[in-house]
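Q: Give me a model of this one.
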Amino acid sequence: MNLCNWCRRKHTEIRQQTGLRTRLLGTTPGHWLTLFLAGCCIQLSCMLAWMLSGGNEDYDTGLRDSFWISYVLLVDIGTQTGFSPNESGVVRCVAVVISIVGFVYCLTFLGMVVDLMRSFLVHWKVKYSKVDAYDHLLILGWGDKTLFLLEELLDTTYLEEPKRRCCRCCARCCACCARFCGCCGRRHRRKIVILAERPVREMQREVRMHLRTKDPQGAAKKLGCISYREGCRSHRIELLKVNACLAQHILIMCAAETDSSSDHEAIRTLLALGALPTAVSSDVWTEMHNRESARVVNNILPAAQGIVARHAVNHMIALRALVPSVGFAWLRMSTTRSHPSTSLFLVPVPDMLVGVQFKEAFRHFPKAVVCGLKQALQGSQKLRLEAYALQAEDELIMLANSIGSAGHVTTELLESEEAEEMPKARRPNVLMPDGQIRLGPAADGPLVVLVIGCPDDFFDILDIIDSYVAAGSQVHLLSTRPLHWRQSCLHLHFSRTGKLQFDRISIIHHVGRRRNAASLDRLPLDSADCALILSEREDDLESGLDSDSRNLTIAINLKHVLDTKADVIGSKRRNSYRKKCKIVTEIQDSKTETMLAGNSSVRQVGSFLFSSATETGVFAIAVSNKALYDLYTKLIDPRSNTAYIIAESLSRYLIREEESLSFLDLYRRVFSQCSGTLLGWRRSHERHPVLNPENKDELVEWQSHGTDELIILLPAIQQGRVEFEAAEEPPKEITHAEDAERSPVTGETDPAPSTGSAPQSAATTRKSSKDSEAEDVKKECQIPIPGTLDWQMAEDEEVAAKSYH
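A: Numbering: from 1, shown residues only. All right, here's what the predicted structure looks like:
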């Protein structure tokens, strides 16, 4: 009883707080009640006005006639025009006023009826609408990388239509199912469906503007295969409305930039996919920020695989600064948006090449580079096969501009002039005694790296830099983030990896505004080898365009400060491999990319890496071919010991000081010396490297005293540690006595110990070529290495001493 009284009292208090005005004007039933009461009042007022006017011959001032004529004048506009011209002015004036009031009232009433019907139609549309698609690409979520992902998918799935048209019987079928037409051999683009919590018109407008900016002529044709739907991607009913169970590939995109929120949202989407009535049999690719979260994706949904694309992009950012040629090669291979694009493809072995030795297959492909082989029997991918006859079921791993170029084969062997004498066989130095993964002469000796910006995963970039630089290298980190936050992130990273500190680098922290020229001037610009300007969002609501504008300002200011010290830097780097500091700037937004494409003066500041576009390129590789994606992830991770993309000096592969060699000639020399695959080269007078040259049989003039580099795919020949010949390039002088004695903390930092190992000199970590070769031969003769692939040992003792695993 007391409970009932309490509930009644609370209900009375709520009604008193709500008020009559809120119930009448703040609710839809209140609107209808207000409209009804207003109509009654208008009707009574019009009756009274008609009575006071005195009426006419047809309708007097009686109650019945006054009610009827007032109602007719209200609902039937124009009734007053039927009155006689002899009517009194008062009657005609009252009739006109009643008609105007009735017109306004009817408009209000019909407007509410229209609004009610529209709400019903919208409700029915949302409840019963469905995207009619089958075997399609389903994108769940909308973020900064969605536009780049659409561009990648449209480029990979787009196939030009042949001139021959479909017959009438199958034209409808081809347009609907977007499959291969058996009648005319015509192929159609696969449909792409987007489900996101964003208005459909807003998504259409952004996609239309982006595609028309990139491809004005082909934008209309590409827009026809994209469907949109507004809804929650973690809602099971919304997933059913986009036919998630019938999709060929499902891509879950991150909508937020923070690790925790985006990964949790992706996991909720996976749970919704797992709760569908029909099990999902398609490939599900989930973008994750945290590698620990990516490991649980497959446990939640067996068909799902987590992709930490940011980790691969961090490798490319670091390599673009440390070994520019290798970093550029990875960028070209990671996206189809570059012109000309160069990607990896799997191509079945042509019938005419069945039985041909693998090492001779490169001469049959004028538009592609043979990188490896996927054996049908073993199902494994091989990048190093000297004596192997190609089988009909095998697939070749090709580097080409398109799938058509990768499969273009010629029956006539391309001419390749073989030299009478070849340079001695020797492998480049990759794994150094100090543990460094040396990918090129640009990474020789201790380096001074500037990292401007401290994103949430900065420790991952530092760990990658630690893998590619020599012992004694220094990394100067400038950011506005406090030191205790950086130290806590590094401590958490070391606890996950089981380390106490970095192996080869020491971290020197700087706290200050990155756009301030005074803060940049306090960095060791005189001895800096490269600078990485990373995107650091100062606010969770900050857009990618704001971060890009800040990075461009930092790059321009840094370039200006370096130009003012050009004479001092040039005198110190006179005998160094690097003549200037390499600036690499991270860009995220598509609008900034469009601006840079048309502004040559800004592009001269340094190299720009479009991280969002590159991450979507990794997604596109996974969607196009899962086997290629697995190979790609192994190649980009140096710890997998699969293969390395390296930059080697051309002089190692020349016999004379000047030679005229084609790409095929260099390809054979590289393969015979180190079993590597020549991917391209970088000429000293050209701005960017060239991958997969077009005219492979064209002779090119080469000089041994130049700084030209060859870009080589070098497979690992043994498991575990690999011992190679030491590099012959002269060591680079980077640090100086005054630099080694400077304080690790500048005037802008708080006193704190630097993280990392103490700097070591190059003399303690590197040995001469003869000493290294002698030690390698001694180790190989005394200790057998399990799991190696031994070459045939010659009987001559001198040749046996120079052989390697």
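Q: Domain-wise, how is the protein divided?
A: Domain assignment for the chain by automatic domain parsing gives 22-120, 137-307, 314-740, 767-805.
Q: for the chain, longest helix please?
A: If you go by DSSP state H, the chain has its longest helix at helix 89-128.
Q: So for that one, what gets flagged as buried?
A: Within helix 89-128, the residues scored as buried using 16 or more other Cβ atoms under 10 Å are Val91, Arg92, Val94, Ala95, Ile98, Ser99, Val101, Gly102, Tyr105, Phe109. Placement of C-beta: from N, CA and C, glycine included.
Q: Enumerate every residue touching the residue most central in space within the chain.
A: Nearest to the mean C-alpha position of the chain, by Cα atoms, centre = their mean, lies Glu615 at 1.8 Å. Residues in contact with Glu615 (Cβ atoms under 8 Å, 6 or more residues apart in numbering) are Lys145, Phe148, Glu287, Ala309, Arg310, Ala312, Val313.
Q: Nearest spatial neighbour of the third one, chain-adjacent residues omitted?
A: Which is Glu287. Cys254 (4.8 Å; Cβ to Cβ, 6 or more residues apart in numbering).
Q: And the contacts of stretch 484-498?
A: 292, 454, 456, 458-460, 462-463, 477, 479, 500-501, 507, 509, 752, 755.
Q: can you give me how far that stretch is from the chain middle?
A: 26 Å (Cα atoms, centre = their mean, to the nearest Å).
Q: Check stretch 301-314 too.
A: Using Cα atoms, centre = their mean, the distance from the centre of stretch 301-314 to the centre of the chain it belongs to is 11 Å.
Q: could you dump it to PDB, C-alpha only?
A: Presented in PDB, the C-alpha positions along stretch 301-314 are these (Å, rounded to 0.1, in the frame of the first residue of the first chain):
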ATOM      1  CA  LEU A 301      35.200 -15.400 -35.900                       C
ATOM      2  CA  PRO A 302      37.100 -18.200 -37.600                       C
ATOM      3  CA  ALA A 303      36.700 -16.500 -41.000                       C
ATOM      4  CA  ALA A 304      38.100 -13.200 -39.800                       C
ATOM      5  CA  GLN A 305      41.700 -12.000 -39.900                       C
ATOM      6  CA  GLY A 306      43.000  -8.900 -38.200                       C
ATOM      7  CA  ILE A 307      45.200  -6.500 -40.200                       C
ATOM      8  CA  VAL A 308      47.500  -4.100 -38.400                       C
ATOM      9  CA  ALA A 309      48.200  -2.000 -41.600                       C
ATOM     10  CA  ARG A 310      49.700   0.700 -39.500                       C
ATOM     11  CA  HIS A 311      52.600  -1.500 -38.600                       C
ATOM     12  CA  ALA A 312      53.500  -2.100 -42.200                       C
ATOM     13  CA  VAL A 313      53.200   1.700 -42.900                       C
ATOM     14  CA  ASN A 314      55.500   2.400 -40.000                       C
END
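Q: For that stretch, buried residues please.
A: Result for stretch 301-314 [16+ other Cβ under 10 Å]: buried residues 301, 303-314.
Q: For the residue lying closest to Gly606 once chain neighbours are set aside, list the residues it contacts.
A: Nearest residue to Gly606, sequence neighbours excluded (Cβ to Cβ, 6+ apart): Ile583, at 3.1 Å. When contacts are counted by Cβ under 8 Å, 6+ apart, Ile583 is found next to Cys530, Ala531, Ile533, Ala555, Leu558, Lys559, Leu562, Val605, Gly606, Ser607.
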